[in-house]
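In: need a 3D model of the following:
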Amino acid sequence: MATGRTHRPATRSRGIPEATVARLPLYLRALTALSERSVPTVSSEELAAAAGVNSAKLRKDFSYLGSYGTRGVGYDVEYLVYQISRELGLTQDWPVVIVGIGNLGAALANYGGFASRGFRVAALIDADPSMAGKPVAGIPVQHTDDLEAIIEENGVSIGVIATPAGAAQQVCDRLVAAGVTSILNFAPTVLSVPEGVDVRKVDLSIELQILAFHEQRKAGEEAPGEGGADTTPPAAPPAAAVRRRGEGSEQGPDGDVPAVMPA
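Out: Numbers count the residues shown, from 1 in each chain. A predicted model of the protein is given here:
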């Protein structure tokens, strides 16, 4: 089986839009579930619903793959699984290193979904000397001093960063210098990389903040008296009153904070 260093997906050379590439894993997940149930064919409407997109967008996406389905029959599930897997580069072995084996890194190392998608965790790396040699998910942790040698020995082109934010850029720089050209970043920071290096960022706190925004909006749309709380903010005091409270006072009620903070 080929490794990640010998072949790269052809999506860019074939002109497949990035938005379409981002949806291909969704289609593959839905198709894999159908395949496991021995479903031979699927309509664009059924597959679109399972993937959470509209059918017109799905048909457009599949046209980039050269797959148009059969009128009245739909798409061949097994062939689409192969076609999308090939386009994503999942028909080969991709060795991956995970850097930062704290709680998140250890959880990623134990995730079984990587291997089933063609991603082999080749090494676990951490800066803590006390972690060296300790097995996580059956793989001994190695020290960051050996990062470059590990990358070369395993032919790694994909790195996963699960370090604290302050260490992420340095780790990224070392990965890139060692030959890694794709990075999945779980650290809560923006990484700077040279042209030709792809970075995908996963920030769970941002996703939760977006959900909080929608929850707040939904709560605000509920009318008072119909089960929703009155979320109208209290009216601000007149400016003159604010000025009077701040006049002649060096300290606020807590002794060290001004009663009225400057704008």
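In: longest strand of the chain?
Out: Longest strand in the chain, counting residues (DSSP state E): strand 119-126.
In: can you list the strands that that one pairs with?
Out: If you go by DSSP bridges, strand 119-126 pairs up with strand 94-99 (parallel), strand 139-143 (parallel).
In: got the contact list for the last one?
Out: Just to be clear, that refers to strand 139-143. Residues outside strand 139-143 that contact it (CB atoms under 8 Å, 6 or more residues apart in numbering): 101, 109, 121, 123-127, 129, 131-135, 150. Every C-beta, even on glycine, is put in place using the N, C-alpha and C of the backbone.
In: same deal with stretch 67-81?
Out: Residues outside stretch 67-81 that contact it (CB under 8 Å, 6+ apart) are 27-28, 31-32, 34-35, 39-44, 46-47, 59, 62, 83.
In: likewise for stretch 102-111?
Out: Under the criterion CB under 8 Å, 6+ apart, residues 98-99, 101, 114, 121, 124, 126, 136-137, 139, 160, 162-163, 186 lie in contact with stretch 102-111.
In: quick one: the strands in the stretch 151-263 of the chain?
Out: 158-161, 182-185, 198-201 (DSSP state E, counting those that start in this stretch).
In: tell me which helix or strand of the chain sits lowest on mean pLDDT?
Out: Within the chain, no helix or strand scores below helix 239-246, which has a mean of 42 by mean pLDDT, DSSP states H and E.
In: just confirm Ile150 is within a strand.
Out: No: looking at Ile150 with DSSP: H, G, I helix; E, B strand; the rest coil, it is helix, so not inside a strand.
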